[in-house]
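[1] here are the coordinates; sequence isn't available:
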DNA sequence: TATTGTTATACTCTATAACTATA
DNA sequence: TATAGTTATAGAGTATAACAATA
């Protein structure tokens, strides 16, 4: 309700809520906001995560892909199955080691990812970033970029 | 690895990852960082959320409390049981309406919440905010404060 | 009949552990 | 024997629905 909640006139360090207490609800809201967009584009949340991962770092084995998105290797299998059925990725056995499946985006996959991304980011600009003082937007995104790529160990201690 | 990933020289709007793709991993890392602190203070994550909620808006019914923290009323019951066992909150039947239980922090609860909060925020200053350019820190917190209190409907559309 | 707190049930995710095929 | 991918099982967390007491 008010801008500076909390302790009285005594002063002291300006009180703030814990970062987690602010970031977690924001994360939930952002994910919820993506859901209708993803549905409209016929892609699941994990499917979109995988499309992004493959677009950012072209080829990899399934285990490496899983690790890069913080998932278990068993968890992404149904996701890959579905993406493949829809023609968005290719899975081809590696001639050099027939145990591994080489992963690659198809052209359709690349296009799909682009249109989902455009729709999501447009919504973010209009509904999220627009709520911020214009002078703070760049700093906010800069901070997010830094913190989201910080190794979790650095944060845990 | 590099500051400005992505598309080549063509230009266009500076590419960025989706906000959700940055905020979700950050949220996970922040929660993971709180866990050892909470364990050391013998409070569960949900317990701490409840202590904070009660400290910020003193008295309320269980249903209202649940709603204020985005949980189902059935989900907080075991949490309240445990906090009460530990003497951190009081649950007293409302004389005016004997269906409702009036909730209140005990003095021990208030103190416990304060020490957990101090420990968590100290860690956040040292490990998270310290990673940001100093000029960006205030803007980052300002932005979080605004966005985390934005009604989810405003974000979803 | 509607509402508060509670308990019981079901469902969704996720992690773990077995299994196969290659190496 | 060790590893990549897959499948099956089990566990945690959450939501939904039924219940008793009170209004």
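    Nice, I can see it. None of the values given here were measured: they were computed from a predicted structure.
[2] Please make it C-alpha for all contacts and neighbour counts, starting now.
    Fine.
[3] Just give the number of residues close to residue A:21.
    17 (other Cα atoms under 10 Å in any protein chain shown).
[4] same deal with residue A:77?
    For residue A:77, the neighbour count with other Cα under 10 Å is 13.
[5] Quick one: residues contacting it.
    Residues near residue A:77 by Cα atoms under 8 Å, 6 or more residues apart in numbering or on different chains: none.
[6] quick one: the strands in chain A?
    Along chain A, counting by DSSP state E, strands occupy A:89-94, A:97-105.
[7] residues of the first one that come out buried?
    Of the residues in strand A:89-94, those buried by neighbour count under the rule 16 or more other Cα atoms under 10 Å in any protein chain shown are A:89-91.
[8] Look up the closest residue to the residue nearest the centre of chain A, ignoring the ones flanking it.
    With distances taken as Cα atoms, centre = their mean, chain A has residue A:49 as the residue nearest its mean C-alpha position (6.2 Å). For residue A:49, ignoring the flanking residues on the chain, the nearest one in space by Cα to Cα, 6 or more residues apart in numbering or on different chains is residue A:69 at 7.5 Å.
[9] Check residue A:83 too.
    residue A:89 (5.9 Å).
[10] where in chain A is pLDDT low?
    A:1-14 (pLDDT under 70).
[11] which one's the longest helix in it?
    Looking across chain A with DSSP state H, the single longest helix is helix A:19-40.
[12] and that helix, does that touch DNA strand D?
    No - Helix A:19-40 stays clear of DNA strand D (Cα under 7 Å from any atom of the strand), getting no nearer than 10.7 Å.
[13] which helices and strands sit right next to that helix?
    Under the contact criterion of 3 or more Cα pairs under 8 Å, 6 or more residues apart in numbering or on different chains; DSSP states H and E, helix A:19-40 touches helix A:45-56, helix A:107-123, helix B:19-40, helix B:134-148, helix B:152-156.
[14] thinking again about what came up before, I'd like the distance between the residue nearest to the centre of chain A and residue B:156.
    Residue A:49 sits 19 Å away from residue B:156, going by Cα to Cα, to the nearest Å.
[15] what do you get for residue A:87?
    29 Å.
[16] So which of these two has more stuff around it?
    residue B:156 (19 against 14).
[17] ok, that one to DNA strand C distance?
    18 Å (Cα to the nearest atom of the strand, to the nearest Å).
[18] Let me see the contact set for that residue.
    The neighbours of residue B:156, taking Cα under 8 Å, 6+ apart as the test, are A:29-30, A:32-34, A:127.
[19] ok so, going back, out of the buried residues of strand A:89-94, flag the one nearest to chain B.
    Nearest to chain B among the buried residues of strand A:89-94: residue A:89, at 19.9 Å, using Cα to the nearest Cα.
[20] Surely the closest one is in contact with residue A:111?
    No - contact between residue A:89 and residue A:111 fails when scored by Cα atoms under 8 Å: they sit 11.4 Å apart.
[21] Number of residues surrounding residue A:122?
    Around residue A:122 there are 12 residues (other Cα under 10 Å).
[22] how much space between it and residue B:74?
    37 Å.
[23] Can you pull the residues of chain A lying near DNA strand D?
    A:61-64, A:73-75, A:77, A:99-102.
[24] One more pass at 6 Å, please.
    Listed as neighbours of DNA strand D in chain A under the rule Cα under 6 Å from any atom of the strand: A:61-63, A:73-74, A:77, A:99-101.
[25] Highest neighbour count among the residues you listed?
    residue A:62 (20 neighbours).
[26] Quick check: that one vs DNA strand C, distance?
    13 Å.
[27] Ok, residue A:60 next?
    Counting by Cα to the nearest atom of the strand, the gap from residue A:60 to DNA strand C is 17 Å.
[28] For that residue, give me its contacts.
    A:102-103.
[29] Got the phi and psi for residue A:95?
    Torsion angles at residue A:95 (phi, psi; degrees, to the nearest 10) stand at phi -60, psi -30.
[30] Next up, the contacts around it.
    So residue A:95 contacts nothing (Cα under 8 Å, 6+ apart).
[31] Then residue A:31?
    Taking Cα under 8 Å, 6+ apart, one finds residue B:20 in contact with residue A:31.
[32] how much space between it and residue B:79?
    The gap separating residue A:31 from residue B:79 is 26 Å, by Cα to Cα.
[33] What of residue A:91?
    Relative to residue B:79, residue A:91 is positioned 46 Å away (Cα to Cα).
[34] do residue A:133 as well
    To residue B:79, residue A:133 is 38 Å away according to Cα to Cα.
[35] higher neighbour count, the two?
    residue B:79 (19 against 12).
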